[in-house]
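K.L.:
what shape does this take:
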Amino acid sequence: MPDLPPDAKALLLAEVDMRLSIWRKFWVGFIWAYFLLGVLGVMFSTIAASTLVPDPWRALLSLGSAVCLAVIGFLRPEARYKNLMRAWRDLADARARYMFDGASQTSLLDRLHDCERIATDDEPLGTQNKETANSPIQPPPPDQHG
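P.N.:
Below is the predicted model of the structure:
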């Protein structure tokens, strides 16, 4: 692919910078949510199990603990944080190589595409089945008893 014209180069860098900014905000938000909800969930549970508060408050604290831990379980902020952080680091590296090390625009576009996939992946890093992660869906084997 030939080099892009100067205005397209500026647009490419603007797109990369926008992704870097958004991903950073999201990964910071997800890690804060993970730790805040985790600490609150444990704190609410511990206080509810003690005699520090009267019975009606214990039920509310138990409910608060359950909500905090359910949000962590369903949203999985730690996994999202890790994916966004990895994508941010990879894309920041690709941008620096493009700006200062002579990397091509094609390589920057390829890394942008790869990092977008990493950032939006619903599976935590390292838990994908390596054999089937990128393979097409296979039809079931024919029935041998037919």
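K.L.:
now for whichever strand or helix holds residue 65, which elements pack on it?
P.N.:
Using DSSP states H and E, residue 65 sits within helix 55-75. Packing partners of helix 55-75 (3 or more C-beta pairs under 8 Å, 6 or more residues apart in numbering; DSSP states H and E): helix 6-49. Where you see a C-beta, it was placed from the backbone N, CA and C, and this is true even at glycine.
K.L.:
tell me what the helix it packs on is packed against?
P.N.:
helix 55-75, helix 77-100, helix 105-119.
K.L.:
ok, and what's touching the shortest one?
P.N.:
For helix 105-119, the external contacting residues (C-beta atoms under 8 Å, 6 or more residues apart in numbering) are 1, 3-4, 9, 12, 15-16, 19, 23, 83-84, 86-88, 90-91, 93-95, 97-98, 125.
K.L.:
what about burial for those residues, which qualify?
P.N.:
Among these, those that count as buried by neighbour count (16 or more other C-beta atoms under 10 Å) are 12, 16, 19, 23, 83-84, 86-88, 90-91, 94-95, 98.
K.L.:
tabulate these (a markdown table), appending pLDDT.
P.N.:
Shown next, in a markdown table, are the buried ones among the contacts of helix 105-119 (pLDDT from 0 to 100):
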| residue | pLDDT |
| --- | --- |
| 12 | 90 |
| 16 | 95 |
| 19 | 95 |
| 23 | 94 |
| 83 | 94 |
| 84 | 94 |
| 86 | 95 |
| 87 | 95 |
| 88 | 95 |
| 90 | 96 |
| 91 | 96 |
| 94 | 95 |
| 95 | 95 |
| 98 | 93 |
